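Undergrad: model this:
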Amino acid sequence: MKKISKSHISFFIIAVILFWIKTYAAYQIEFNLGIDNNLQEFLLFINPLSSALFFFGIALLFKKRAKLVLIITNFLLSFLLYANIAYYRFFNDFITVPVLMQTKTNAGQLGDSALSLMSPFDIFYFTDFFVLIWLALTIFKNVTVDNRRSFKMALLFAITIFFFNLGLAEKDRPQLLTRSFDRNYLVKYLGAYNFTIYDVIQNIRSSSQRALADSSDVTEIENYRKANYDAPNPEYFGKAKGMNVIYISMESTQSFLIDYKMPDGQEVTPFLNSLVRDKNTFYFENLFHQTGQGKTSDAEFLMENSLYPMAQGAVFVNKAQNTYHALPAILKGQGYTSAVFHGNYKTFWNRNVMYKALGYDYFFDAEYYNMTDEHVKNYGLKDIPFFEESIPMLKSLKQPFYTKFITLSNHFPFEMDPEDTDFPAGDTGNKVVDQYFQAAHYMDQALQQFFNDLKEAGLYENTMIVMYGDHYGISENHNEAMAKVLGVEEITPVISANLQRVPLFIHIPGVEGGVQKQFGGQVDVRPTVLHLLGIDTKDYLEFGSDLLSKNHRNWALFRNGDFVSPEVIQVKGNCYDSQTGDLLEDTTVCKNIAESVNTELQMSDEIVYKDLLRFYKPAGFTPINPNDYEYLGPKALKGEKSSDSKKTETTNTN
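TA: As a prediction, this is how the structure comes out:
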């Protein structure tokens, strides 16, 4: 022991082993990485080692301060691991550099959700940090580093193990670093820390793509678009021509809620259920969300641009400076006024910048609403007062208008104030899942009230209302409770994929609708809506397929490269029969769809990362200049600020 206590190598090895064991334990306890074979299990076991050797090895360069630097390094890496754990508990995803940028944008508004994801037992993930401090102050108190040979040896071992790891990973998953859209794969094969390094490199690379792009990059995408354009269905084309358009983002709303009844027989969403049976409503029961790390903002991006979101981070935060041919801008050329209604502050998710790029005339944010304590919950204004207070502002807009309402109440962790609902909670024993039904019921009541208010305001008969679930509400971390909700023994990969369905309602007074069974994604909504308005999308660079077209492709991809269709479903690279849930040996159908999926994701990424729409102008489209818009708020209308821009606000009827 005395000999060991004089060796800096012993302290270093202890630090590496403790960190290695802790990280591997976290992988097993916290992350669902889809281990399919012994090789993947082995890779999961060894991948923390190269990171530990590399980062801890750097501390050996600091000689007398080596122990201190190593302990600080341990804390930073432990904090990164724990941040990923907390993030994964809700999002089933890993933190990326753009996500950290989003945190800066949204700081101060994520507290309740973050705290609900933490546990007192999480101190375990910092145990080795405290052990190292104790060892440094006692057994290894007098140890110093007096040569660089130890660093060179640690670096050599780190590099050797990493390339051994990468070689085995490439054997099991060819082209892992070049064709993988799923971060779970990267962490499973390479580890959380190596993934972070990879992510940093990818972001540096993507930031240079725009500068190197030119108009020739558009040609291939334009040709692909023309070859895959789905002509509108003559039966529906122009059925809503000239009507107002209202989009409603239904926070965290999944399709399993539709027609779902509590044990006492009460419907969770009675109003939405009635719309399913309404003759003037198109209800799409196989519509899937396609969001990434941007969640609600990704859904907005998909709906209005018919492009896919970024693999890392959110377009709203990272690519708000781009040129877009968005729905508000397209409709502006048809004489529409556009506005967003949102019960949170305009800077949340960088909306005050992004909406200018999309071409929104007005942005009614929290400054326009009565944000008293009893009216605020879950990131902003509760849905019922939100819709109530929005009606006067909506009536003030010049018609025809295109507007978007972003609901907030049905947001994780779904806790409701007692005075807002007497609807029963679920009985699964899982607090998040049980509260979800109460929050969804409250949102349903708010939507019914809004429809009634539209009728009273005289806006209902001439308005097409598009309501969509923005993303999942219940993550895979609650699968045990969801199995009880669905009445199944377990949540299989196919059931999990089907749980990503989100409701889509297109309600058009006077137009015959009905339940639609075709498969599609959020990217498909824009061409569907534009064709209903009588606007052909053939000249726009988009990846949506009109849901009502006779040539609709009938599949939907996920941002990680998986997909769903009536025949087959791909989950984590595995091909399943959609009906039986069986793993298929003949994967021909999956491979054919996967080829199209990879092509679309790659081309959409090129448009977004390279800002290619600045080189392309659709026929009849007037480009947007974001500098023409300024969202000054209601105070500007009272003479407290200059309001010389158009532009920016309408009559303050609040």
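Undergrad: how many neighbours does N92 have?
TA: Burial of N92, expressed as a neighbour count using other CB atoms under 10 Å, amounts to 16. Where you see a C-beta, it was placed from the backbone N, CA and C, and this is true even at glycine.
Undergrad: List the contacts of it.
TA: With contact set as CB atoms under 8 Å, 6 or more residues apart in numbering, N92 has these partners: 32, 475-477.
Undergrad: At which residues are the strands of the stretch 351-500 of the chain located?
TA: 362-364, 401-406, 463-469 (DSSP state E, counting those that start in this stretch).
Undergrad: can you redo these as JSON lines with mean neighbour count?
TA: JSON lines is the format used below for these (neighbours: other CB atoms under 10 Å):
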{"stretch": "strand 362-364", "mean neighbour count": "25"}
{"stretch": "strand 401-406", "mean neighbour count": "24"}
{"stretch": "strand 463-469", "mean neighbour count": "23"}
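Undergrad: Could you dump those strands into CSV with distance to I159 and mean pLDDT added?
TA: Below are these laid out as CSV (distance: least, CB to CB, whole Å; pLDDT from 0 to 100):
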stretch, distance to I159, mean pLDDT
strand 362-364, 51, 96
strand 401-406, 48, 98
strand 463-469, 47, 98
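Undergrad: In JSON lines: the ones you listed, plus distance to P48.
TA: Putting those into JSON lines (distance: least, CB to CB, whole Å) gives the following:
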{"stretch": "strand 362-364", "distance to P48": "45"}
{"stretch": "strand 401-406", "distance to P48": "40"}
{"stretch": "strand 463-469", "distance to P48": "37"}
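Undergrad: re the thing from before, can you tell me which two in the contacts of N92 are farthest apart?
TA: For these, with distances taken as CB to CB, the pair at the greatest spread is N32 and S475 (9.9 Å).
Undergrad: ok, the two, which is more surrounded?
TA: Ranked by neighbour count (other CB under 10 Å), N32 and S475 place S475 first, with 18 against 15.
Undergrad: Was I right to think the more buried one contacts Y87?
TA: No: in this structure, S475 sits apart from Y87 without contact. The criterion is CB atoms under 8 Å, and the distance is 11.0 Å.
Undergrad: what number of residues lie near K241?
TA: Neighbour count of K241, defined by other CB under 10 Å: 13.
Undergrad: Disregarding flanking residues, what is the spatial nearest neighbour of it?
TA: Sequence neighbours aside, G534 is the residue nearest to K241 in space, at 3.9 Å (criterion: CB to CB, 6 or more residues apart in numbering).
Undergrad: How about the contacts made by L613?
TA: L613 sits in contact with 322-325, 541, 607, where contact means CB under 8 Å, 6+ apart.
Undergrad: Recalculate using a threshold of 7 Å.
TA: Contact partners of L613, counting by CB atoms under 7 Å, 6 or more residues apart in numbering, are 323-325, 541, 607.
Undergrad: you'd agree F505 is up against T281?
TA: Yes: the pair formed by F505 and T281 meets the contact definition of CB atoms under 7 Å, at 5.6 Å.
Undergrad: Please identify every residue contacting each of these two.
TA: If you check F505 and T281 against CB under 7 Å, 6+ apart, the residues they both contact are L275.
Undergrad: and the residue nearest to K241, how many neighbours?
TA: Counted with other CB under 10 Å, the neighbours of G534 add up to 15.
Undergrad: That one contacts K239, correct?
TA: No: G534 is not in contact with K239 according to CB under 7 Å; the separation is 8.1 Å.
Undergrad: Which residue, other than its chain neighbours, is closest to N165?
TA: Leaving out its chain neighbours, N165 is closest to N47 (CB to CB, 6+ apart), at 5.6 Å.
Undergrad: So that neighbour belongs to a helix, correct?
TA: Yes: counting by DSSP: H, G, I helix; E, B strand; the rest coil, N47 is located in a helix.
Undergrad: out of the contacts of L613, who's nearest A619?
TA: Ranked by distance to A619 (CB to CB), the contacts of L613 are led by H325 at 11.5 Å.
Undergrad: did I read that right, the closest one in a helix?
TA: No: secondary structure of H325 (three-state DSSP): coil, not part of a helix.
Undergrad: Would you agree it is in contact with Y540?
TA: Yes: with contact taken as CB under 7 Å, H325 and Y540 are classed as touching, separated by 5.8 Å.
Undergrad: who's in contact with L557?
TA: The neighbourhood of L557, defined by CB under 7 Å, 6+ apart, consists of 290, 521, 563, 597, 600-601.
Undergrad: so where's the stretch 151-300 of the chain uncertain?
TA: Applying pLDDT under 70 to the stretch 151-300 of the chain flags residues 178-182, 206.
Undergrad: Same check on the stretch 1-150 of the chain?
TA: Segments of the stretch 1-150 of the chain classed as low confidence (criterion: pLDDT under 70) are 1-7, 91, 98, 101-116, 145-147.
Undergrad: before we move on, back to that, among the contacts of N92, show me the least confident.
TA: Within the contacts of N92, N32 has the lowest pLDDT, namely 83.
Undergrad: got a list of what that one touches?
TA: Applying CB under 7 Å, 6+ apart, one finds that N32 lies in contact with E476.
Undergrad: quick one: it is in a helix?
TA: No: in this structure, N32 is coil, not part of a helix, as judged by three-state DSSP.
Undergrad: Give me the distance between it and Q516.
TA: With the distance defined as CB to CB, to the nearest Å, N32 ends up 32 Å from Q516.
Undergrad: Next: T588.
TA: Counting by CB to CB, the gap from T588 to Q516 is 28 Å.
Undergrad: Looking at those two, which is more packed in?
TA: Between T588 and Q516, counting by other CB under 10 Å, Q516 is the more crowded of the two (19 against 9).
Undergrad: measure the more buried one to S565 for me?
TA: The separation that Q516 has from S565, given CB to CB, amounts to 15 Å.
Undergrad: same question, W349
TA: W349 sits 31 Å away from S565, taking CB to CB as the criterion.
Undergrad: And for stretch 521-528, what's in contact with it?
TA: 287-290, 299, 302-304, 306, 308, 327, 468, 504, 537, 542-548, 556-557.
Undergrad: One more: stretch 366-383?
TA: Among residues not part of stretch 366-383, those counted as contacts by CB under 7 Å, 6+ apart are 109, 343-345, 385-386, 389, 393, 407-409, 411, 417, 420, 442-443, 446, 633-634, 654.
Undergrad: And Y88, its phi and psi?
TA: In this entry, Y88 is assigned phi and psi values of phi -70, psi -30 (degrees, to the nearest 10).
Undergrad: For it, give me its contacts.
TA: Applying CB under 7 Å, 6+ apart as the definition, the contact partners of Y88 turn out to be 30-31, 94.
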